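>>> Structure of the sequence below:
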Amino acid sequence: MYERESSRGARGQGGMLDIHSGQRALPAVGEVQQAVVGGCERVPPADHFLAAMVGRGNYSVLGNGLSLAAQRNDDGRVRIGLSFYNTAEDWFATSGIPFDDPAATRARLIDLLPGWDSRFTALIAACDDTVVPRSITTLPVGLTWPSTPGVTLLGDAAHLMPPVGEGANMALLDGALLALALAAHPDDFRAAVKEYEREMFERTSAAARMSADVQEILTSPDASQKMLAFFQPG
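Reported below is the predicted structural model:
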């Protein structure tokens, strides 16, 4: 959120959420997505088969209302995200996952994946004790508001969308473009904010629609086939 203060030295503040998927409604705001995710980190030895399997980028397992994502970070760590889609709002409480016991949590997560290849569940078993459950919410696609003197929103506060890669990009652009608008109208903050909001609404609505489309693919029973088709040229 950016809030103008009387001082020209006022600073913008904001935050990002590390989140992943499911669905419910948030009465006061509009549509919301909610689901379940675990995050964990590990640095596998260079000669370990998991290191070769994940490679230097992203590795995903998709389908039947579940997904596992592994991402190689720049320090060599592999970050794992495990998502259970279309879950009830109280899934954390009813899933039987003992989040206060990391070893038992890993075992329970693997139990919830019957039929998965052992190479995939090995990624979960290899995680360290940083296992974090996360709920996911999104704002309605195309959300706008009347411009209000002295205050505006940036990043997730303005356009929280499914965690498929666009939210952070949009947030960084928000900050840069708001700064440019303020610099272009140093004596008229209200005009600067209106200019920023007009552009931001159009840009982030398109990104949110695309993110929602990708999220719909991820939650489908045949997610792997649909995702493969999504990346085909033409």
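>>> mind checking how far the residue nearest in space to the middle of the chain is from residue 233?
The chain has residue 163 as the residue nearest its centroid, 2.3 Å off, counting by CA atoms, centre = their mean. According to CB to CB, to the nearest Å, residue 163 and residue 233 sit 25 Å apart. Quick note: C-beta positions are derived from backbone N, CA and C, even for glycine.
>>> and what of residue 189?
Note on residue 189: its distance to residue 233, by CB to CB, is 45 Å.
>>> and if you look at residue 77?
Distance of residue 77 to residue 233, computed by CB to CB: 33 Å.
>>> Helices along the protein, start to end?
Under the criterion DSSP state H, helices of the chain are mapped to 49-54, 91-94, 102-111, 118-125, 156-159, 167-184, 189-219, 223-230.
>>> Now do the buried residues in the last one.
This means helix 223-230. For helix 223-230, the buried set under the neighbour-count rule, 16 or more other CB atoms under 10 Å, comprises 223, 224, 226, 227.
>>> which strands and helices sit next to it?
In terms of contacts (3 or more CB pairs under 8 Å, 6 or more residues apart in numbering; DSSP states H and E), helix 223-230 is packed against strand 58-63, helix 189-219.
>>> Which residues does stretch 52-65 contact?
44, 67-72, 78, 84-86, 116, 119-120, 123, 218-219, 221-224, 227 (CB atoms under 8 Å, 6 or more residues apart in numbering).
>>> residues near residue 119, how many?
Burial measure for residue 119: 11 neighbouring residues, criterion other CB atoms under 10 Å.
>>> oh sorry, the question was meant for residue 55
11.
>>> Look up how far residue 151 lies from it.
44 Å.
>>> Equivalent analysis for residue 64, please.
From residue 64 over to residue 151 (counting by CB to CB), the distance is 44 Å.
>>> Pick the most deeply packed of the helices and strands packed on helix 223-230.
For those, the largest average neighbour count (mean count of other CB atoms under 10 Å) is found in helix 189-219, namely a mean of 18.
>>> Can you give the distance from that helix to the centre of its chain?
15 Å (CA atoms, centre = their mean, to the nearest Å).
>>> Same check on stretch 170-177?
17 Å.
>>> With stretch 135-147 instead?
On CA atoms, centre = their mean, the centre of stretch 135-147 falls 14 Å from the chain's centre.
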